[in-house]
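Chemist: no sequence for this one, just the structure:
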């Protein structure tokens, strides 16, 4: 609660100095794309699904602050920053595997920052509005995207939450019955910012990685992984760094490997950058994860798909065209 109080106080001061990050009407929007692959010869389809735009301050996107700077001070630096980063897309990914369809993150929805959606939690919308701005059109939200593809929400094999920040869990409540794959640590973290109580995560059927991975051996630098498909093609790892309970998902294909990394990096080109987002809960852990992803790219055909990379849909389509 002390952190929420600090954010609320500094956020009030920040709004007195400047408008929150605004998104221009002509800001570029990512377009959906599709990649067709195989696993052991069986077809697997991956869709990149943009769910609108998010605007943040410059230090939220990249901050020249020492890694040892305590997280509350980094939050204060974000909220007092007078610069704005270029608006970023909010990307979710749909993996259609012979064993089922799986969603990586649930994106944002229209009106997500409307205080009326948070009647029992007046603090969270103020905190979120102090940190970011959203622009989501009705036809961009995950439920509309799934309907356009003929995918029933009830038929989803699972929703993998890379973390529980607002723009990654927005549509969970609109996808009833779909199991949510997350972590116990992230439930605790999400509750601090209202995601669990306000956006339906805690009401969904939950699969918690700490419970399902207990006692399993590590698989390389990312620790033990939970296979969501019997062939092991789609695997989820607990990878704290951006948040205390964040995750990444790996899709192993005949054509190579795709990593769905959430906000470990905002763009693939940003891997290994000197200035990382001040929003990372643990900058050192985030740097180690980025170094491991860079190493994975050197080991063979590997595609890194962040949640806010304008070029990611195009790279997905290009990766699928590789010989």
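Modeler: Nice, I can see it. Fair warning: this is a prediction, and the values are worked out from it, not measured in the lab.
Chemist: now the nearest residue to residue 100 once chain neighbours are set aside, what's its secondary structure?
Modeler: Spatial nearest neighbour of residue 100, chain neighbours left out: residue 157 (3.1 Å); criterion: CB to CB, 6 or more residues apart in numbering. Every C-beta, even on glycine, is put in place using the N, C-alpha and C of the backbone. Three-state call for residue 157 (DSSP: H, G, I helix; E, B strand; the rest coil): strand.
Chemist: can you tell me which residues contact residue 157?
Modeler: Shown in contact with residue 157 (CB atoms under 8 Å, 6 or more residues apart in numbering): 97, 99-102, 179, 228.
Chemist: Show me which strand runs longest in this protein.
Modeler: strand 42-56 (DSSP state E).
Chemist: if we can go back for a sec, now the residue nearest to residue 100: how far from residue 290?
Modeler: Residue 157 sits 29 Å away from residue 290, going by CB to CB, to the nearest Å.
Chemist: Now residue 144: which helix or strand?
Modeler: Element membership for residue 144 (DSSP states H and E) is helix 142-149.
Chemist: for residue 73, same thing?
Modeler: According to DSSP H and E, residue 73 maps onto helix 71-79.
Chemist: List the buried residues of that helix.
Modeler: 74-79 (16 or more other CB atoms under 10 Å).
Chemist: Return the residues in contact with the closest residue to residue 48 other than its chain neighbours.
Modeler: In this structure, residue 48 finds its nearest non-sequential neighbour in residue 313, 3.9 Å apart by CB to CB, 6+ apart. Listed by CB under 8 Å, 6+ apart, the contact partners of residue 313 are 30-33, 48, 50, 91.
Chemist: try residue 247
Modeler: Here residue 247 is in contact with 160-163, 181-183, 186, 209, 236-239, 262 (CB under 8 Å, 6+ apart).
Chemist: returning to what we had before: filter the contacts of residue 313 to the buried ones?
Modeler: Buried members of the contacts of residue 313, counted by 16+ other CB under 10 Å: 30, 32-33, 48, 50, 91.
Chemist: and the gap between the residue lying closest to residue 86 once chain neighbours are set aside and residue 60?
Modeler: Nearest residue to residue 86, sequence neighbours excluded (CB to CB, 6+ apart): residue 27, at 7.6 Å. From residue 27 across to residue 60, the span is 16 Å (CB to CB).
Chemist: Repeat that for residue 21.
Modeler: Residue 21 is 8 Å from residue 60, by CB to CB.
Chemist: And residue 154, by the same measure?
Modeler: With CB to CB as the criterion, residue 154 and residue 60 are 35 Å apart.
Chemist: Over to residue 93?
Modeler: Distance, residue 93 to residue 60, using CB to CB: 22 Å.
Chemist: Residue 30 too?
Modeler: 19 Å.
Chemist: Where does the prediction get shaky in the stretch 51-200 of the chain?
Modeler: Scanning the stretch 51-200 of the chain for pLDDT under 70 picks out 192-198.
Chemist: where along it do the strands fall?
Modeler: According to DSSP state E, counting those that start in this stretch, the stretch 51-200 of the chain carries its strands in the segments 88-97, 100-104, 132-135, 156-160, 180-182.
Chemist: what comes into contact with the last one?
Modeler: Counting by CB under 8 Å, 6+ apart, strand 180-182 makes contact with 158-161, 164, 172, 201, 204-209, 226, 228, 236, 245, 247, all of which sit outside it.
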